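need a 3D model of the sequence below.
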Amino acid sequence: MSKNQYLIVGGSGEAGQSALQTLRNIAPDAVLIASTTSESNVEGADITLKRIFADQNIVTSVKEQLKTNHLSSEWEAIIYTPALGEVGFPIRTTTKKALSGALSISYDPMILLETEFKPRLTVAYSAFYWLPHTYSFYGSMGYVKKKMDEWAFASPTNRRIIRAGTFFSKSVRGISLILQRSIKKTDHPEMNLLKEEWEKSGKKFQDFFLDYAWMHEKKAFQEKFPNIPYRHTSRDDLGRGLKLALQGNFPVTTVLGDWEWTEDKMPDLPEWFQSSSE
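Next up, the predicted model:
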């Protein structure tokens, strides 16, 4: 394989590290360039772009460091991993302010990079935001993930989404901590139902939250795979998803444990979710 360049935005996180490991295996001669918000080198990257933030200045910051390092701005793929937004309340109650804040980190910088550099592929990560069990707590990120799906399906030749099942990570731990605080003082009926389920379980909230997500993911898709046992998703599955996405032609590649499939259209959404919160 020729010396293609890949940019992994957010190379130190779970998705970023998984992407670097996968690319090293499937494209051993490629130049892997990763960004980080810190001053430290990103493990597994050939070159680290430091103090790169997911904001409106991301293109300028990346271009400056590419120039300093005498690097090309042509990319085989840009892999965008940042995902941050307000959660811990029902998706349908998301305010325009909350959505704007989430998009400013989780989506808008990716679009700026794609528009400026025009890579062969732009790759992002998503979740099962449309499964009913997420409606009560996924907040602004529900609309962000919906918008990302719409983005991928609008130009499937050069855009990819990797949709992965829930696995233990810093992100999931953060969501569970926020959600635990939120349900103790919520007025939302949906979240009160979630609180009741947690209290009946007798589990620590983080353990309950993971089991809750896994149970609903299994229930939603097990009929598609009658001959393949369900297992929990792991970080390694992200790498498998990336490999499939890069080598395939579908806009969305989904990995859920040993189950995998592709998608070429938006999932069925309730009427309230079909309209944007913007």
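
remind me which residues of the chain are low pLDDT?
Counting by pLDDT under 70, the chain has low-confidence residues at 1-3, 276-278.

can you give me the helices for it?
Secondary structure of the chain (DSSP state H): helices at 14-26, 58-68, 96-106, 108-117, 139-154, 170-183, 189-201, 205-221, 235-247, 271-274.

okay, the angle between the first one and helix 170-183?
I take that to be helix 14-26. Direction vectors for helix 14-26 and helix 170-183, defined by axes from the mean of the first three to the mean of the last three C-alpha atoms, to 10 degrees, enclose an angle of 160 degrees.

which strands and helices lie in contact with helix 14-26?
Helices and strands touching helix 14-26, as assessed by 3 or more C-beta pairs under 8 Å, 6 or more residues apart in numbering; DSSP states H and E, comprise strand 5-9, strand 31-35, strand 77-80, helix 235-247. Every C-beta, even on glycine, is put in place using the N, C-alpha and C of the backbone.

what residues of it count as buried?
Taking 16 or more other C-beta atoms under 10 Å as the neighbour-count basis, helix 14-26 is seen to contain the buried residues 14-23.

try the fifth one
Buried positions in helix 139-154, judged by neighbour count with 16+ other C-beta under 10 Å: 139-149, 151-153.

for residue 266, which of the helices and strands packed on helix 14-26 is the nearest?
Across the helices and strands packed on helix 14-26, the minimum distance to residue 266, taken as C-beta to C-beta, is reached by helix 235-247, at 17.6 Å.

tell me how far that closest one lies from the chain's centre.
Computed by C-alpha atoms, centre = their mean, to the nearest Å, the chain-centroid distance of helix 235-247 equals 13 Å.

could you do stretch 196-207 as well?
26 Å.

and that stretch, how far apart are its ends?
End-to-end distance for stretch 196-207: 15 Å, by C-alpha to C-alpha, to the nearest Å.

what's in contact with that stretch?
Counting by C-beta atoms under 8 Å, 6 or more residues apart in numbering, the neighbours of stretch 196-207 from elsewhere in the structure are 173, 176-177, 179-180, 183, 208, 211-212.

can you add distance to residue 31 and give the buried residues of helix 139-154 back as JSON lines?
Putting the buried residues of helix 139-154 into JSON lines (distance: C-beta to C-beta, whole Å) gives the following:
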{"residue": "139", "distance to residue 31": "37"}
{"residue": "140", "distance to residue 31": "35"}
{"residue": "141", "distance to residue 31": "32"}
{"residue": "142", "distance to residue 31": "36"}
{"residue": "143", "distance to residue 31": "35"}
{"residue": "144", "distance to residue 31": "30"}
{"residue": "145", "distance to residue 31": "30"}
{"residue": "146", "distance to residue 31": "34"}
{"residue": "147", "distance to residue 31": "31"}
{"residue": "148", "distance to residue 31": "26"}
{"residue": "149", "distance to residue 31": "30"}
{"residue": "151", "distance to residue 31": "26"}
{"residue": "152", "distance to residue 31": "25"}
{"residue": "153", "distance to residue 31": "30"}
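
just the closest of those residues to residue 53, please.
Compare each of the buried residues of helix 139-154 with residue 53 using C-beta to C-beta and the shortest gap goes to residue 144, at 17.6 Å.

my guess is that closest one meets residue 104, correct?
No - the pair residue 144 and residue 104 fails to qualify as a contact (C-beta atoms under 8 Å) at a distance of 10.2 Å.
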